[in-house]
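*Asks:* Mind folding the following:
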Amino acid sequence: MRGRSALAAFVVLMLAWVVGAPAALAHGGGRDHHPKPSQGCGFANGIKHVIYVQFDNTHLFRDRPQFASDLEQMPRLLGFMRQQGTLNDNDHTILISHTAGGILSAFTGLYPDRNGQTVTNSYRYFKDDGTSASASAFKYWTDLVDSDGVPPADGLPNMVNADSGQPKTTPAPWVPYTRAGCDFGAVASANVVLENTSTGPNGDMTKVFGQGSPEWNEALASNAAPAGTAARALAQTDFVGFAVHCGRGGGLCKHNANAKADMLPDEPGGYAGFQGLFGAKAVNPAITGGQPVVNDTEGQPIADPFGQPGFPGFDGMLAKVSLGYVAQMQEAGVPVTYAYISDAHDNHTLVRASGPGEADYQAQLQAYDQAFGAFFDRLKAHGIDKRNTLFVFTVDENDHFAGGDSTDGTWSHTFCNISGGQVCPPNQIGEVNANLAALLPAGEPPFLVHSDSAPTVYVTGRPQRTDPALRKLERDVAAAQAIDPYISPAPTPITKFLVDPVTEQTLHMVNADARRTPTFTLFANPDYFLSTFNCPAAGGGGPVCIDYHFAWSHGDATDDIGRIWLGLVGPGVRNLGQTSRIWADHTDVRPTMLALLGLEDSYEPDGRVMSQALRGDAVPKGLRRHEGSLVVLGAVYKQITAPFGAFAHDALVASTRALASGSATDDSTYAAIEGRVEALTQRRDALVAQIRTLLNNAAFGGGWGDRVDERQVRRLIVKGLVLLAEGRRLAAHA
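*Replies:* You can find the predicted model right below:
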């Protein structure tokens with residue numbers, strides 16, 4: 001989180017602008033408004049290709065000062081972003097910061113409360129009897145929370161949005177592209193591809209291919225095959241992980257017998273008559289001229305662990321694999337490609353984490369660098385480069401390295417049984433696994449958690465937040481301690497922040513499905529991974545141990561997790577090199593891309609166009625005419641609404657004090673602080689709605705920018721600054 005001094009400097013800067021800044025920063029001439037692409041697929045600013053790549057847990061900054069960072073060990077990519085465009089190192093993720101949540105917020109431009117993924121990568125939900133069950137966040141776009149139950153225990157969409165007044169499926173990210181006539185290729189992209197091979201009534205195979213179809217029958221047989229066999233893997237290899245959503249007019253789906261209806265029944269404005277190709281069995285021949293296999297950037301066939309051509313699994317989406325698919329799609333005429341690249345710091349062969357400077361970790365990053373070199377060379381040979389292509393590179397989240405220290409990249413990959421009094425070696429690697437229930441006094445109400453470094457807690461029976469037993473549980477969690485050997489040999493607090501539904505609302509963690517709202521959320525010391533289970537026998541079997549299998553934690557509200565990076569290269573992008581001057585988050589990626597492309601969504605995104613990263617002639621006119629004031633308004637907007645913004649930080653501080661306060665006979669402090677947080681959040685939400693509409697109308701409303709009222713903009717800036725000041729006072733005096 002940003003420091004208090006940073007906020008003070010921000011407020012001073014904004015106030016200085018309000019009393020004396022010019023009305024606009026002129027960029028000079030330019031077109032009136034971005035023209036809409038034709039049905040034959042065309043974009044504004046001379047862009048003909050879009051390549052979007054999102055890494056899993058790949059770092060720009062160093063985790064240990066003596067070892068180069070991930071991107072420093074990928075100089076071909078790092079140099080491309082720094083030298084050819086803008087690399088913003090002051091981007092941020094959402095809360096709770098996880099793979100699915102980060103990717104889907106960037107894909108949609110919506111915070112988790114509006115895209116539905118408020119807790120990921122899995123989450124719990126309450127059932128009718130007051131108990132809770134688990135669901136995966138990784139599901140195809142139109143899947144339900146409970147896709148397997150008959151009837152489902154929770155029949156709302158996994159990707160849920162209530163902008164219409166009713167819980168419906170969140171608008172899909174490929175729609176503006178396909179409506180414009182452009183094929184949209186997805187390479188292991190979260191929820192845009194099939195994520196499972198379920199043949200149940202609401203399963204992907206049933207909805208996409210139909211019961212009794214050849215694909216459905218293959219999945220039925222594959223799912224019944226013995227575990228660990230090629231037959232068991234076949235359905236995933238053939239149908240999961242890759243897709244092409246075809247544009248209006250047909251694209252690769254035209255006259256293709258493998259094309260299936262691309263169904264989005266809740267899409268605003270309708271989405272009838274579109275088709276898609278789902279899975280390698282359909283995608284591969286469509287992009288290779290009939291061949292069943294796609295090669296990676298080294299020229300090797302992409303296959304599953306049994307050698308079957310197709311999806312190698314999400315852990316197998318190495319840079320050479322994902323980039324090989326992207327290049328093949330682009331060369332086959334798919335102009336828009338979104339891709340995921342798996343992290344480089346886990347050794348999936350040895351099933352353990354690797355630490356900074358470790359040989360296998362460095363070798364993997366070197367392979368990633370070589371893949372990017374081959375990728376850029378291959379694209380250039382086909383006339384695809386920064387002159388006609390919008391490149392977007394980013395990451396779903398950063399993560400915190402839970403480990404000791406090493407001078408030479410040698411790490412101890414062993415269990416360390418802290419509960420048994422074992423002393424961990426100084427170069428120990430691994431998260432501190434702790435059984436949260438075992439750290440609390442006896443007699444707590446029954447609860448389950450979504451196990452995490454930032455666990456969400458679901459108390460059986462869904463008690464009201466003021467329930468005395470629940471309040472005692474929250475106070476006990478706030479006071480809980482355990483040994484973190486990376487900090488001290490003596491017990492220290494496990495909790496950094498603690499929030500219940502009041503501040504979960506502030507953080508955009510409450511969506512349209514009330515069953516999913518956690519009873520409370522613990523943002524822990526990021527060295528911890530908290531569950532309700534003891535360590536495995538190999539770790540000593542006690543409540544606290546070091547598990548070397550995992551060492552990179554995420555989810556927590558700490559700067560090393562939440563501060564990420566975004567690289568933009570291509571027509572209309574300014575060449576700023578690496579910069580920290582643009583405070584942004586995941587939601588800003590999509591509106592910035594669409595503004596460059598001359599497209600727009602059918603909804604207001606939560607993000608705003610980062611005009612500072614765009615050339616003057618590429619900035620929409622409505623923004624350009626009032627850029628000075630609207631950039632300042634956008635900066636204030638981010639600080640009051642972003643989960644890693646100043647207002648959210650102050651709410652976290654105040655909430656933590658509230659939940660830790662009080663006793664069985666006096667809970668007045670809790671009530672007073674929570675009442676203030678709730679009131680400020682309501683004011684924040686009302687102000688955010690006004691600012692969001694103004695910024696989006698200026699960016700995407702054609703001539704609406706002519707009607708921007710500078711006095712209104714200044715009033716909104718002042719209201720935002722006042723709100724930030726009130727939040728700061730609450731945090732200081734709660």
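*Asks:* Please pull out the lowest mean pLDDT helix or strand from this protein.
*Replies:* helix 4-20 (a mean of 44; mean pLDDT, DSSP states H and E).
*Asks:* Can you give me the distance of Gly403 to Phe67?
*Replies:* 12 Å (Cβ to Cβ, to the nearest Å). All C-beta spots, glycine's among them, are computed from the backbone N, C-alpha and C.
*Asks:* same question but for Val589, I mixed them up
*Replies:* In this view, Val589 and Phe67 are 29 Å apart by Cβ to Cβ.
*Asks:* of those two, who's got more company?
*Replies:* For the pair Val589 and Phe67, the greater number of neighbours falls to Val589 (25 against 19), based on other Cβ atoms under 10 Å.
*Asks:* The more buried one is in what secondary structure piece?
*Replies:* For Val589, the host element (DSSP states H and E) is helix 589-597.
*Asks:* Show the subsequent helix or strand relative to that helix.
*Replies:* Using DSSP H and E, the helix or strand that directly follows helix 589-597 along the chain is helix 621-624.
*Asks:* What helices and strands are in contact with that next one?
*Replies:* Packing partners of helix 621-624 (3 or more Cβ pairs under 8 Å, 6 or more residues apart in numbering; DSSP states H and E): helix 668-700.
*Asks:* now the angle from the helix it packs on to helix 589-597?
*Replies:* 10 degrees (axes from the mean of the first three to the mean of the last three Cα atoms, to 10 degrees).
*Asks:* What is whichever helix or strand comes after helix 668-700 packed up against?
*Replies:* Moving toward the C-terminus from helix 668-700, the next helix or strand (DSSP H and E) is helix 710-733. Contacts defined by 3+ Cβ pairs under 8 Å, 6+ apart place helix 710-733 against helix 4-20, helix 627-641, helix 646-660, helix 668-700.
*Asks:* so for helix 710-733, what's the average pLDDT?
*Replies:* Averaging pLDDT along helix 710-733 gives 97.
*Asks:* Please save the CA atoms from that helix in CSV.
*Replies:* In CSV, the C-alpha atoms belonging to helix 710-733 read as follows (Å, rounded to 0.1, in the frame of the first residue of the first chain):
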residue,chain,number,x,y,z
GLU,A,710,-14.7,22.3,-16.3
ARG,A,711,-16.5,23.6,-13.2
GLN,A,712,-18.1,20.2,-12.7
VAL,A,713,-14.8,18.5,-13.2
ARG,A,714,-13.2,20.7,-10.5
ARG,A,715,-16.1,20.2,-8.1
LEU,A,716,-15.7,16.4,-8.5
ILE,A,717,-11.9,16.7,-7.9
VAL,A,718,-12.5,18.6,-4.7
LYS,A,719,-15.1,16.2,-3.5
GLY,A,720,-12.7,13.4,-4.1
LEU,A,721,-9.9,15.1,-2.2
VAL,A,722,-12.3,15.8,0.7
LEU,A,723,-13.3,12.1,0.8
LEU,A,724,-9.6,11.1,0.8
ALA,A,725,-8.9,13.5,3.7
GLU,A,726,-11.8,12.1,5.7
GLY,A,727,-10.6,8.6,5.1
ARG,A,728,-7.2,9.5,6.2
ARG,A,729,-8.6,11.1,9.4
LEU,A,730,-10.6,8.0,10.1
ALA,A,731,-7.6,5.7,9.7
ALA,A,732,-5.5,8.0,12.0
HIS,A,733,-8.0,8.3,14.8
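*Asks:* tell me which residues in that helix are buried?
*Replies:* Neighbour-count burial for helix 710-733, counted by 16 or more other Cβ atoms under 10 Å, picks out 713-714, 716-717, 719-721, 723-724, 726-728, 730-731.
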